[in-house]
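Visitor: After the sequence you'll find the predicted model.
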Amino acid sequence: MKSIKIYVKKHSHWYCYRCGAEVEYEKHIGIDYPYYCPICDENMFKFETFRK
């Protein structure tokens, strides 16, 4: 059985362009998307986010 490595970082200080929620760092290593929006339930690239 293949295990998935998970890492956790607190606040990203980046926000989703679609809903404005703070995005999280992606928890699964090996995925191309560095961010995850919990409101939209989507993985995101950095250009899909903004800083306040």
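Guide: That came in fine, so what should we check first?

Visitor: Hmm, P38 is touching A21, no?
Guide: Yes: assessed by Cβ atoms under 8 Å, P38 is found in contact with A21 at 6.8 Å. From N, CA and C alone the C-beta is placed, and that goes for glycine too.

Visitor: all strands for this structure, in order.
Guide: 15-16, 24-25, 35-37, 42-44, 49-50 (DSSP state E).

Visitor: one step back: anything in contact with each of P38 and A21?
Guide: With contacts defined as Cβ atoms under 8 Å, 6 or more residues apart in numbering, no residue is shared by P38 and A21.

Visitor: Give me the packing partners of the helix or strand bottoming out on mean pLDDT in the chain, helices and strands only.
Guide: Within the chain, no helix or strand scores below strand 24-25, which has a mean of 91 by mean pLDDT, DSSP states H and E. Applying 3 or more Cβ pairs under 8 Å, 6 or more residues apart in numbering; DSSP states H and E, one finds that strand 24-25 makes contact with strand 35-37.

Visitor: quick one: strands adjacent to the strand it packs on?
Guide: According to DSSP bridges, strand 35-37 forms sheet pairs with strand 24-25 (antiparallel), strand 42-44 (antiparallel).

Visitor: With adjacent residues omitted, what lies nearest to V23?
Guide: Y35 (4.3 Å; Cβ to Cβ, 6 or more residues apart in numbering).

Visitor: one step back: C16 is nearest to which of the strands paired with strand 35-37?
Guide: C16 lies closest to strand 42-44 among the strands paired with strand 35-37, at 6.9 Å (Cβ to Cβ).

Visitor: What residues does the closest residue to P38 other than its chain neighbours make contact with?
Guide: Excluding its sequence neighbours, the residue lying closest to P38 (Cβ to Cβ, 6+ apart) is E24, at 6.4 Å. Neighbour list for E24: 9, 12, 35-38 [criterion: Cβ under 8 Å, 6+ apart].
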